[in-house]
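[1] Got a sequence here, can you build the structure:
(one chain, ligands or ions: 1)
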Amino acid sequence: MPYPDIRPRRLRRTPALRRLVAESRPAPAELVLPMFVKEGLTEPRPVGSLPGVLQHSRDSLRKAAVEAVQAGVGGIMLFGVPARRDETGSGGIDPDGILNVALRDLTAELGDSTVLMSDLCLDEFTSHGHCGLLTPDGRVDNDATLAAYAEMAVAQAAAGTAVVGPSGMMDGQVAAVRRALDAAGHQDTTILAYAVKYASAFFGPFRDAVESALQGDRRSYQQDPANLRESLREVELDVAEGADLVMVKPALPYLDVIAAVRDRVDVPVAAYQVSGEYATVEAAAANGWVDREQVILETLTSIRRAGAQIILTYWAVEAARLLRERY
Ligand code: PBG
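    Down below sits the predicted model:
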């Protein structure tokens, strides 16, 4: 051994020492719970590929949201599942569409006690399942889609959302949404840009949760998992267009991207631990192959260490409790 006798293990000797020197630890208030509400349900319904996650009725959503806030989570990201879909996704814009109605419910129930967020995308509302409007020959039409996002953003803001999350990966979507919100008097509505979103197979269970109609894939608008520099370009564009917060998605397979984004910009960075990340751990844990709680905390800690301050996770409520118990 070199002298002086330097022993990093001294700092690992007791739980109290380890707790004292921990560099990264997600806080409950930095966790955001994604929730699903489905039009026409009278009882909540489990999502088969996401054990523990529910499609909510309007009633059960209200109750579960209150419980989540009481458990200490920092925010809620809401997704709507309509009873009917059409070519243009009109249910996303309609003030009486399920997402907007549920946003009104939650605004009345929760006020400013939490941060209410809403997914701003057409894929849950279109009969073809794409995130945008289609040209007659079936391609996703970027600029026509921007106009729809602008209307949808204003409808969500009017319904009380505090944060809109444009997630469709259309070029120019943040600027279009900011301009529309401002013109409608919603200067205070915040934009969480899904700045970096990969065309990921980890979204599979989510598509069950929203009963996605998608045939094919989203590779003409979501990013290639091979690319990192492209993500930095996306983030810089979104910040220049007025994004208040930027997000990387999925999280665990893209820790290098989270770290690079954190280095590059000064706005808060969020990461979305997506459905497939959750489902793979749940499936392994159900088989007794991993220690479920340890793996949950390890993944969240890793995402935090990589540089994401805010984490969207289906484990938000449970993780908030685990974090309080253990630290
Ligand atoms: C788009 C959207 C998706 C997710 C969040 N917003 C699906 C997609 O892009 O296909 C996926 C989230 C998850 O997998 O948990 N509205």
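[2] Tell me where the longest helix sits in this structure.
    Taking DSSP state H as the criterion, the chain has its longest helix at helix 142-158.
[3] Going by neighbour count, list what's buried in that one.
    Neighbour counts over helix 142-158 (16 or more other CB atoms under 10 Å) mark 142, 145-146, 148-150, 152-158 as buried. In short, each C-beta sits where N, CA and C put it, glycine included.
[4] now stretch 218-225
    Buried residues in stretch 218-225 (16+ other CB under 10 Å): 218, 221, 222, 223.
[5] just checking: which of those also lie near the ligand?
    residue 218 (CB under 6 Å from any ligand atom).
[6] So what sits opposite residue 116 in the bridge?
    residue 76 (DSSP bridges).
[7] my guess is it meets residue 75, correct?
    Yes - between residue 116 and residue 75 there is a contact under CB atoms under 8 Å: 7.1 Å.
[8] would JSON lines of the buried residues of stretch 218-225 with pLDDT and secondary structure be doable?
    Formatted as JSON lines, those follow (pLDDT from 0 to 100; DSSP: H, G, I helix; E, B strand; the rest coil):
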{"residue": "218", "pLDDT": "95", "secondary structure": "coil"}
{"residue": "221", "pLDDT": "96", "secondary structure": "coil"}
{"residue": "222", "pLDDT": "96", "secondary structure": "coil"}
{"residue": "223", "pLDDT": "97", "secondary structure": "strand"}
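[9] And the buried residues of stretch 218-225, which is closest to residue 46?
    Nearest to residue 46 out of those is residue 218 (CB to CB; 25.9 Å).
[10] Reduced to three states, what does residue 321 come out as?
    Put simply, residue 321 is helix when judged by DSSP: H, G, I helix; E, B strand; the rest coil.
[11] Give me the neighbour count for the residue nearest to it when sequence neighbours are not counted.
    Excluding its sequence neighbours, the residue lying closest to residue 321 (CB to CB, 6 or more residues apart in numbering) is residue 71, at 6.3 Å. Using other CB atoms under 10 Å, residue 71 is surrounded by 17 other residues.
[12] same question, the one 10 residues further on
    Close neighbours of residue 81, defined as other CB under 10 Å, add up to 23.
[13] ok, it - contacts?
    By CB atoms under 8 Å, 6 or more residues apart in numbering, the residues touching residue 81 are 36, 37, 38, 39, 55, 98, 124, 209, 210, 211.
[14] Would you map the helices across the stretch 151-300 of the chain?
    Ranges of helices in the stretch 151-300 of the chain, per DSSP state H, counting those that start in this stretch, are 173-183, 204-209, 229-241, 255-264, 275-286, 292-306.
[15] In CSV, list the ones you listed along with mean neighbour count and mean pLDDT.
    What follows is the helices of the stretch 151-300 of the chain, written out as CSV (neighbours: other CB atoms under 10 Å; pLDDT from 0 to 100):
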stretch, mean neighbour count, mean pLDDT
helix 173-183, 21, 98
helix 204-209, 20, 95
helix 229-241, 17, 98
helix 255-264, 18, 98
helix 275-286, 19, 98
helix 292-306, 19, 98
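[16] Distance to the ligand added to those, as JSON lines?
    Shown next, in JSON lines, are the helices of the stretch 151-300 of the chain (distance: least, CB to the nearest ligand atom, whole Å):
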{"stretch": "helix 173-183", "distance to the ligand": "12"}
{"stretch": "helix 204-209", "distance to the ligand": "3"}
{"stretch": "helix 229-241", "distance to the ligand": "15"}
{"stretch": "helix 255-264", "distance to the ligand": "16"}
{"stretch": "helix 275-286", "distance to the ligand": "3"}
{"stretch": "helix 292-306", "distance to the ligand": "14"}
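[17] Go through these and name the closest to residue 131.
    Among the helices of the stretch 151-300 of the chain, helix 173-183 comes nearest to residue 131, with 9.8 Å by CB to CB.
[18] That closest one relative to helix 229-241, how many degrees between them?
    Relative orientation of helix 173-183 versus helix 229-241 (axes from the mean of the first three to the mean of the last three CA atoms, to 10 degrees): 10 degrees.
[19] Extract the C-alpha set from helix 173-183 and format it as CSV.
    Extracted in CSV, the C-alpha atoms of helix 173-183 (Å, rounded to 0.1, in the frame of the first residue of the first chain):
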residue,chain,number,x,y,z
GLN,A,173,-43.0,22.2,-32.0
VAL,A,174,-41.8,24.2,-28.9
ALA,A,175,-41.8,27.5,-30.8
ALA,A,176,-45.3,26.8,-32.2
VAL,A,177,-46.6,25.9,-28.8
ARG,A,178,-45.0,28.9,-27.0
ARG,A,179,-46.3,31.3,-29.6
ALA,A,180,-49.9,29.9,-29.4
LEU,A,181,-49.9,29.9,-25.6
ASP,A,182,-48.7,33.5,-25.4
ALA,A,183,-51.2,34.7,-28.0
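[20] Right, I'll call it a day here.
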